[in-house]
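Colleague: My questions concern the predicted model and sequence given below.
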Amino acid sequence: MCQRTPGAEHGRVNETVAGLYLSPLEVLALLGATALVMARWLPTAARPPVTLAAGALLVPAASVLGVTSGIRWQMVPVLAGGAVALPFALSPLLRSTGPLLLSRQRHNSHISHTRHTRHSRHTSHCGHTARPARRARWWLALPGSAACLGLIATGPVAAWAFPVPVFPEPSGDYAVGTRVVQWTDPSRPETFTPDPHDLRTVVVQLWYPARDSPAGAQRAQYLGRTEHEARTVSRALARGVGLPDFLIDGVPRARTRSVFDAPVAGGGGRFPVVLFSPGSGGVRTQNTAWAEELASHGYVVAALDHPYDSAAVVLADGRTIEAVTASSGDRDEDTELAARWTAVRAADLGFVRTRLERMDRPDRGESADPLTGRLDTGRVAVAGHSLGGAAALQAARQDRRFDAVIDLDGYPHGPDSPVLAQPTLALTQAITPGTDPRYLPRLTEALRRGTATSYRLTVPGAAHLTFMDGPLYLPPVPSVVGSLGRTRSPRVVAATTLAFLDATLRREPGDLVGTLSAYGELSVYAPDDGR
């Protein structure tokens, strides 16, 4: 498998320790800062070694963090608490060490004249001058110590709330490779710009079954091909939801479970394909955990960036295109806008479907791709989250080359005809009084009118962002990411969609209804139900 051993690469920062989402160096800094504060309350004999050991932990750990991976904002209060405590911890040592050294010098200068009586007097004098400096009264020191500990404690709490995401290890038989391609559609002008010569361009990231990579191979950066791209996308995502970008500065530090440009798995077999469209303002990498899990089970996942709609799209020439789509605040106008954006996305999906066919069977004179001859373009599903789910439904209506549809909590925008001819799985969040009352009726109608068996699974404890990577790095607030937890959320989404894809694309035998029912409330819409 691909990099299944934790900490294989040098400088890894997304390793967790005891569930605190802190790297080993960050844990050392935390322990050092805490020990500096607590040294004040230890017995006199224990204070010097504990203080020196705490400083030996804190200072080097902070220095190495600053030079290598950088200091996360979550560690700032930890280091501040340690910095405040450090002079108070060291000053008693310095005050007691000075007189002690002086007394030793006097002792050495008079050693030749020392006799029993004078030695006794000197011993008494030495005991007097080397007396440990008196500590501040406990009732004065206690508030300062409590304040420092409170400051230090905010570090691990903040790291737990906004961690560097740790991606789940894929459970399939294949290692996972990834690469990014950029394609321009010569038949479509860019509708978001007035230039008639500006053609529609999309950026696509592929996750595919790969051969095992060498031990220590660098795993793929999350959110981008480079750290610069990852930080550009992270800042754009934060702006899109109104968060200060420093809150999620751990996200672009993450490494995924795939390896860039890893060799395609051997064996010569063909892999079914799944196209994916992210949510409004989302990016191609927003469902990386899901994509890696599918790839490890023998699927090729192609996720799209939709320029001017995705938060930030970094093109091959270095230009960055940021989102211009935004809600108007008017319900009717937003419905019309969403339908228009959905149509653009659906066209993007159809175009990428065509390009994947060409990748698998290149025209004469075109160079072969590593995936040439390995894509099963006769078995292709289209999927999406939120607005991307609407785009997946619309693409399937318009393009019968798609064989199955997965809608991850997406409202069906746009026209409802022609009817769906492909089996469809719709995963929805738990329905609450705040849910758009038009959502379920419209989704149910789309599934019921279809000519293939479709399924709607409502997952208890799920929220809208449960169906993406959000639970891995956002605060575990149930209304935002659901209550399934960081580990279970991606597993539920992967398990249900994998069962559906295996049944519809691979025609594998099994109890699909029973499998889906184990994860929530399932409604099945057979073709006869729509007649």
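Modeller: Structure received.
Colleague: Okay, helices next: where are they in the stretch 201-350 of the chain?
Modeller: 227-240, 288-296, 331-360 (DSSP state H, counting those that start in this stretch).
Colleague: oh, I was asking about the stretch 51-200 of the chain
Modeller: Using DSSP H, counting those that start in this stretch, helices in the stretch 51-200 of the chain cover 76-109, 116-129, 138-161.
Colleague: Provide the secondary structure category for Pro412.
Modeller: Using DSSP: H, G, I helix; E, B strand; the rest coil, the structure places Pro412 in coil.
Colleague: Quick check: it vs Glu445, distance?
Modeller: 8 Å (C-beta to C-beta, to the nearest Å). Bear in mind the C-beta positions are built from the backbone N, C-alpha and C, glycine included.
Colleague: Out of these two, name the residue with the larger neighbour count.
Modeller: In terms of neighbours (other C-beta atoms under 10 Å), Pro412 is the more surrounded of Pro412 and Glu445; the figures are 25 against 14.
Colleague: dump the residue contacts of that one.
Modeller: Pro412 makes contact with 390, 393-394, 442-443, 446, according to C-beta atoms under 8 Å, 6 or more residues apart in numbering.
Colleague: Any of those buried? List them.
Modeller: Taking 16 or more other C-beta atoms under 10 Å as the criterion, what is buried in these is 390, 393-394, 443, 446.
Colleague: And for the residue nearest to Ala463 when sequence neighbours are not counted, the neighbour number?
Modeller: Of all residues not flanking Ala463 in the chain, Gly482 sits nearest, at 3.9 Å (C-beta to C-beta, 6 or more residues apart in numbering). When neighbours are defined as other C-beta under 10 Å, Gly482 has 25 of them.
Colleague: Going along the chain, name the strands of the chain.
Modeller: 175-189, 199-210, 259-260, 271-277, 300-305, 312-314, 320-322, 375-385, 404-408, 424-428, 454-458, 521-525 (DSSP state E).
Colleague: list the helices and strands the longest one packs on?
Modeller: In terms of contacts (3 or more C-beta pairs under 8 Å, 6 or more residues apart in numbering; DSSP states H and E), strand 175-189 is packed against strand 199-210, strand 259-260, helix 288-296, helix 331-360.
Colleague: Next: the last one.
Modeller: Using 3+ C-beta pairs under 8 Å, 6+ apart as the contact criterion, the neighbours of strand 521-525 among helices and strands are helix 439-448, strand 454-458, helix 512-517.
Colleague: before we move on, what about the third one?
Modeller: Using 3+ C-beta pairs under 8 Å, 6+ apart as the contact criterion, the secondary-structure elements in contact with strand 259-260 are strand 175-189.
Colleague: what pairs with the strand it packs on, and is each one parallel or antiparallel?
Modeller: strand 199-210 (antiparallel), strand 259-260 (parallel) (DSSP bridges).
Colleague: got the angle for the first one vs strand 300-305?
Modeller: When you say that, I think you mean strand 199-210. Interaxial angle, strand 199-210 versus strand 300-305 (axes from the mean of the first three to the mean of the last three C-alpha atoms, to 10 degrees): 150 degrees.
Colleague: Now do the contacts for the residue nearest the centre of the chain.
Modeller: Nearest to the mean C-alpha position of the chain, by C-alpha atoms, centre = their mean, lies Pro165 at 4.2 Å. Contact analysis of Pro165 by C-beta under 8 Å, 6+ apart lists 14, 222, 250-251, 254, 469, 472-473.
Colleague: Grab the nearest non-local neighbour of Pro418.
Modeller: Nearest non-adjacent residue to Pro418, counting by C-beta to C-beta, 6+ apart: Arg397, 5.4 Å away.
Colleague: ok, now Asp212?
Modeller: The nearest residue in space to Asp212 (C-beta to C-beta, 6+ apart) is Ala175, at 5.0 Å.
Colleague: ok, that neighbour to Val273 distance?
Modeller: 18 Å.
Colleague: Could you do Ala381 as well?
Modeller: From Ala381 over to Val273 the distance is 7 Å, taken as C-beta to C-beta.
Colleague: do the same with Trp183
Modeller: With C-beta to C-beta as the criterion, Trp183 and Val273 are 15 Å apart.
Colleague: can you check Val480 too?
Modeller: 32 Å.
Colleague: and if you look at Gln221?
Modeller: Counting by C-beta to C-beta, the gap from Gln221 to Val273 is 24 Å.
Colleague: got it, and Ser454?
Modeller: 20 Å.
Colleague: Show me which of the contacts of Pro412 is closest to Ala368.
Modeller: Gln394 (32.6 Å; C-beta to C-beta).
Colleague: is it true that the residue nearest to Asp212 touches Ser213?
Modeller: Yes - with contacts counted by C-beta atoms under 8 Å, Ala175 reaches Ser213, the gap being 6.3 Å.
Colleague: Mind checking which of the two has more residues around it?
Modeller: Just comparing Ala175 and Ser213: by other C-beta under 10 Å the higher neighbour count belongs to Ala175, 26 against 21.
Colleague: now the end-to-end length of stretch 381-389.
Modeller: With C-alpha to C-alpha, to the nearest Å as the measure, the ends of stretch 381-389 fall 12 Å from one another.
Colleague: got a list of what the spatially closest residue to Ala343 that is not a sequence neighbour touches?
Modeller: Spatially, and ignoring its direct neighbours in sequence, Ala343 is nearest to Gly414 (6.1 Å; C-beta to C-beta, 6+ apart). Contacts for Gly414 (C-beta under 8 Å, 6+ apart) come out as 338-339, 342-343, 346, 390, 394.
Colleague: Where does pLDDT dip in the stretch 351-500 of the chain?
Modeller: Applying pLDDT under 70 to the stretch 351-500 of the chain picks out no residues at all.
Colleague: Quick one: the helices and strands packed on strand 175-189 as a markdown table, columns for distance to Leu408 too.
Modeller: Below are those laid out as a markdown table (distance: least, C-beta to C-beta, whole Å):
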| stretch | distance to Leu408 |
| --- | --- |
| strand 199-210 | 16 |
| strand 259-260 | 26 |
| helix 288-296 | 9 |
| helix 331-360 | 14 |
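Colleague: Comparing those, which stretch has the densest surroundings?
Modeller: Stretch with highest mean neighbour count among these: helix 288-296 (a mean of 28; mean count of other C-beta atoms under 10 Å).
Colleague: how close does the closest residue to Asp198 other than its chain neighbours get to Thr44?
Modeller: Closest residue in space to Asp198, ignoring its immediate chain neighbours: Glu190 at 4.2 Å, by C-beta to C-beta, 6+ apart. For Glu190, the distance to Thr44 equals 75 Å [C-beta to C-beta].
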